[in-house]
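**Q** Pasting a predicted model and its sequence here:
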Amino acid sequence: MTELRALDTGFIELEDADRRISLGIAVVAILDGPPPPRAAFTVALGRRLDGMPRLKQRVHRAPLDVTAPQWEDDPAFDLAHHIRWTALPRPGDEKTLWELVATEIEERLDRDHPLWQCVVVEGLAENRWALVLKAHHSLVDGISGVAVFANLCDPAPAGAGKRVPARPAHRPPKLSSLLKLPVSVPGIAFDTVRRLVPIGAAVVEPGPVSSLNGPIGHRRRYTAVRVSLPMVADIAAKYRVTVNDVVLAAITAGYRDLLLRREETPIAHGLRILVPVSMRAEHAKYVLDNRVSAVLPYLPIDRTDAVDRLRVIHTTMQAQKSGGAAGAEHTILGLAQWLPFAAVAWTLRLATRFPQRGIAALATNVPGPRHELTLQGHRVLELVPAVPIAMRLRTAIAILSYHDHLVFGITGDYDTAPDIDVLADGIRHAVGELAGRAGRGGDFSRRPDRAGKNRSATHRSSAGEKDGGPW
């Protein structure tokens, strides 16, 4: 059996601390044609699972948490328990699909079984179907979650990228490392604490009063925004910034519009967000666990000019990355592996029950496959991300690239964020404005059709970069 990492366990503790939340991460694939027959689909999926043994394991916890939780083989593993079929009511449009996604985000995964589920969705308009792959955040982060879906797909064509065999999540430490630990810990801890002071202050100190932060309920809303990845890359090249800077500038504009619509004044240092940063090495891309840290930038929602916002974000993110906060948090999580787990568990429980007020939103950026995928012979037309919300964050945005598109998946609390369409429209319009300022015109919010080309996204629903690092 393999122990869960401290961060993996933290997501379980966070979910246990609030019965209203579910911490499942989802990838929604939209595919061409009708779905395969159920029996054939199940058999093919079972073959793919042979290369991912973690998907047949469940979490085992020791009494009183005297030892860390461990992944253990599920003795009664049944693939049928993890596959569910459903159908959209007519007309099977995106609004209906997003409502289904919101419902899936709400529902908790069964702790008595491996923490993932696959939902086949029939009845999508234009002779399409969807697959919702949901896994608990203790099992995957953004990058490994997308890697799981990619591994369930058909083998990639030659030259389009190869699969990396799964590796053990943890290797036994060398004796030399254990002997050096007592000597090196004091110096590491001092430097780590020094770097973590700004992060601690952001969580502990109350932030500006905002409708974006506060208690949340059980129900969710969901919507998605598509933009052209080449166009976003052109904007980044024009202004000598990263793609992630452009993404955050668009999100800034969206939140500014949302606050103005709510008749709240966007002020300087009025919106601080959590931006996960991947600490995952390339060789560990397919290891199922969490390898992320975070930075906590302020978004310049007070700035009215789109290019000005972009330049401020670029400067802010450079300062955040050079400050070492993300690395410091990662070091703390590493040191936690050496502490008695009971102490770590109780600390996590105490932290998850603290009503943080300094952070108002989350935005996580995940690089997806650049080549086209197929699943059991069906073309994957689109990949759409969905992330949960917790700890008083009433909205969260996941950004996923696939092929030549970038998709913003927006999750909102049903009662306190009924207007996430305003946020979605603000993001869409911000990319268009930056594209115009950069000398790029055309339709930038088009979805791919079956021929691999783009078509306009006529529906407005109602409902290079690793998790925030530079592409």
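**A** Nice, thanks for sending it over.
**Q** how many neighbours does Ala233 have?
**A** 18 (other CB atoms under 10 Å). For the C-beta atoms, the positions are set from N, CA and C on the backbone; glycine is no exception.
**Q** How far off centre is the helix or strand harbouring it?
**A** Using DSSP states H and E, the element containing Ala233 is helix 229-239. Distance, stretch centre to chain centre, for helix 229-239: 23 Å (CA atoms, centre = their mean, to the nearest Å).
**Q** ok, then the element right after that helix?
**A** The helix or strand immediately downstream of helix 229-239 is helix 243-261, counting by DSSP H and E.
**Q** just to revisit the earlier point, list the buried ones in the helix holding Ala233?
**A** Of the residues in helix 229-239, Leu229, Met231, Val232, Ala233, Asp234, Ile235, Ala236, Lys238, Tyr239 count as buried by neighbour count, 16 or more other CB atoms under 10 Å.
**Q** Quick check: beta-bridge partners of the closest residue to Gln57 other than its chain neighbours?
**A** Spatial nearest neighbour of Gln57, chain neighbours left out: Trp71 (4.3 Å); criterion: CB to CB, 6 or more residues apart in numbering. When assigned by DSSP bridges, Trp71 has beta-bridge partners Thr2, Val59.
**Q** Can you pull out the residues in contact with stretch 99-115?
**A** Residues from elsewhere that reach stretch 99-115 (CB atoms under 8 Å, 6 or more residues apart in numbering): 15, 22, 24, 26, 28, 54-59, 74, 77, 81-82, 86, 88, 116-117, 119, 121, 132, 134-136, 138-139, 218-222, 384, 386, 388, 411, 414, 463.
**Q** Touching the helix holding Ala233 from outside, list them.
**A** For helix 229-239, the external contacting residues (CB under 8 Å, 6+ apart) are 242-243, 245-247, 307, 310-311, 314, 401, 403-406, 431, 434-435, 438-440, 442, 444.
**Q** coming back round to it: can you put the buried residues of helix 229-239 in a markdown table and add distance to Ile359 and pLDDT?
**A** Shown next, in a markdown table, are the buried residues of helix 229-239 (distance: CB to CB, whole Å; pLDDT from 0 to 100):
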| residue | distance to Ile359 | pLDDT |
| --- | --- | --- |
| Leu229 | 28 | 95 |
| Met231 | 30 | 95 |
| Val232 | 25 | 96 |
| Ala233 | 29 | 95 |
| Asp234 | 32 | 96 |
| Ile235 | 27 | 97 |
| Ala236 | 26 | 96 |
| Lys238 | 31 | 96 |
| Tyr239 | 27 | 96 |
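**Q** Arg5: which of those residues is nearest?
**A** Nearest to Arg5, judged by CB to CB, of the buried residues of helix 229-239 is Leu229 at 31.5 Å.
**Q** so how far is Val246 from that closest one?
**A** To Val246, Leu229 is 10 Å away according to CB to CB, to the nearest Å.
**Q** now do Lys321
**A** In this view, Lys321 and Val246 are 16 Å apart by CB to CB.
**Q** Tally up the residues packed near Tyr222, please.
**A** Tyr222 has 26 neighbouring residues, counting by other CB under 10 Å.
**Q** That one is in what secondary structure piece?
**A** Using DSSP H and E, Tyr222 falls in strand 220-228.
**Q** about what we covered before: how near is the residue nearest to Gln57 to Leu64?
**A** Distance from Trp71 to Leu64, by CB to CB: 20 Å.
**Q** Of those two, which one has the most company?
**A** Trp71 (24 against 8).
**Q** if I read this right, that one contacts Thr9, doesn't it?
**A** No: between Trp71 and Thr9 there is no contact under CB atoms under 8 Å: 11.4 Å.
**Q** Take the buried residues of helix 229-239 and lay them out in TSV including distance to Thr42.
**A** Below are the buried residues of helix 229-239 laid out as TSV (distance: CB to CB, whole Å):
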residue	distance to Thr42
Leu229	34
Met231	40
Val232	38
Ala233	39
Asp234	43
Ile235	44
Ala236	43
Lys238	49
Tyr239	49
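**Q** Tell me where the stretch 251-400 of the chain has helices.
**A** Using DSSP state H, counting those that start in this stretch, the helices of the stretch 251-400 of the chain run over 306-323, 325-336, 341-352.
**Q** Those: lowest mean pLDDT?
**A** Mean pLDDT per stretch puts helix 325-336 lowest among the helices of the stretch 251-400 of the chain, at a mean of 49.
**Q** returning to that earlier point: give me the angle between the strand holding Tyr222 and helix 229-239.
**A** Per axes from the mean of the first three to the mean of the last three CA atoms, to 10 degrees, the angle that strand 220-228 makes with helix 229-239 is 70 degrees.
**Q** tilt between strand 220-228 and helix 243-261?
**A** Using the same axes, to 10 degrees: strand 220-228 against helix 243-261 is 130 degrees.
**Q** Only C-alpha atoms, please: export strand 220-228 in PDB.
**A** Extracted C-alpha coordinates of strand 220-228, given in PDB (Å, rounded to 0.1, in the frame of the first residue of the first chain):
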ATOM      1  CA  ARG A 220     -23.800  24.600  -8.200                       C
ATOM      2  CA  ARG A 221     -24.000  26.500 -11.500                       C
ATOM      3  CA  TYR A 222     -21.700  25.900 -14.400                       C
ATOM      4  CA  THR A 223     -20.900  27.500 -17.700                       C
ATOM      5  CA  ALA A 224     -18.000  27.600 -20.200                       C
ATOM      6  CA  VAL A 225     -16.300  30.100 -22.500                       C
ATOM      7  CA  ARG A 226     -14.200  29.100 -25.600                       C
ATOM      8  CA  VAL A 227     -11.500  31.200 -27.100                       C
ATOM      9  CA  SER A 228      -8.900  30.600 -29.800                       C
END
